[in-house]
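Q: Take a look and give me a structure for this.
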Amino acid sequence: MFFSVDPANGLAIFDQIIRQVKFAVANGRLPAGELVPSVRELAKELAVNPNTVVRAYRDLTTEGILEPVRGTGLAVTADAVSHCEKERLSLLRERIRQVLAEAHSSKLEAAEVRTLVEEELVRLERSLKPRRMKKGTDA
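A: So this is what the prediction gives:
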C-alpha cells in the first residue's frame with residue numbers, strides 16, 4: 001500500500017499510522033467507502049506488532065474516520081474527508097510550531113528560519129519533479 005513507519009521520527013508508530021490514514025483520506029488516496037488494509041496485512045507490510053495496528057484502527061474508528069463493514073473489514077466513513085482535511089492542517093500546524101519553538105530555543109533568527117524553510121521547499125519540489133514527469137503530469 002502506501003504506509004510506512006519510522007521508529008526514529010519521534011512519534012509513536014500507532015500515531016504515525018493514524019496520521020498517514022488521515023492524510024491519505026484528506027488527499028483522496030483513501031476515498032470514502034474504501035477498505036483499509038486488514039490488521040494482519042498492514043502489520044506484516046510495516047513489520048510491526050498487530051496490536052499497534054489494532055490500536056491505530058480503534059482510535060480512527062472512535063474518531064469516526066473508519067467504520068466496520070460487516071464481513072469485510074474497516075472502511076473510510078462518508079464524513080471522514082472533511083474531518084481529515086481539517087485534522088491534516090491541525091497536525092501540520094502543531095509540528096511546525098514545535099520546529100519553530102526548537103529554532104527559537106537554539107537562538108536562530110527568523111530570517112535564518114525562513115531561509116531554511118525556503119531551501120527545503122525548493123529541495124522538496126526538485127525531488128518531486130522527476131516523479132511527476134514519470135507519471136506524465138508535468139511537461
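Q: among the helices and strands of the chain, which one scores worst on average pLDDT?
A: Ranked by mean pLDDT, DSSP states H and E, the weakest helix or strand in the chain is helix 110-135, scoring a mean of 85.
Q: elements contacting that helix?
A: Packing partners of helix 110-135 (3 or more CB pairs under 8 Å, 6 or more residues apart in numbering; DSSP states H and E): helix 80-105. Heads up, the C-betas are built off the backbone N, CA and C, glycines and all.
Q: Quick one: list the elements packing against the helix it packs on.
A: Counting by 3+ CB pairs under 8 Å, 6+ apart, helix 80-105 packs on helix 13-26, helix 110-135.
Q: Quick check: which of these is nearest to V53?
A: If you check each of the helices and strands packed on helix 80-105 against V53 by CB to CB, helix 13-26 wins as the nearest, at 6.5 Å.
Q: Just give the closest residue to A78, not the sequence neighbours.
A: Leaving aside its sequence neighbours, A78 sits nearest to A32 (CB to CB, 6 or more residues apart in numbering; 4.8 Å).
Q: no wait, F3
A: Leaving aside its chain neighbours, F3 sits nearest to Q20 (5.0 Å; criterion: CB to CB, 6+ apart).
Q: tell me the contacts of the most centrally placed residue in the chain?
A: When CA atoms, centre = their mean is applied to the chain, the residue found nearest the centroid is Q20 (2.7 Å). If a contact means CB atoms under 8 Å, 6 or more residues apart in numbering, then Q20 has F2, F3, S4 as its contacts.
Q: again with V81
A: V81 neighbours (CB under 8 Å, 6+ apart): V25, A26, G28, P31, A32.
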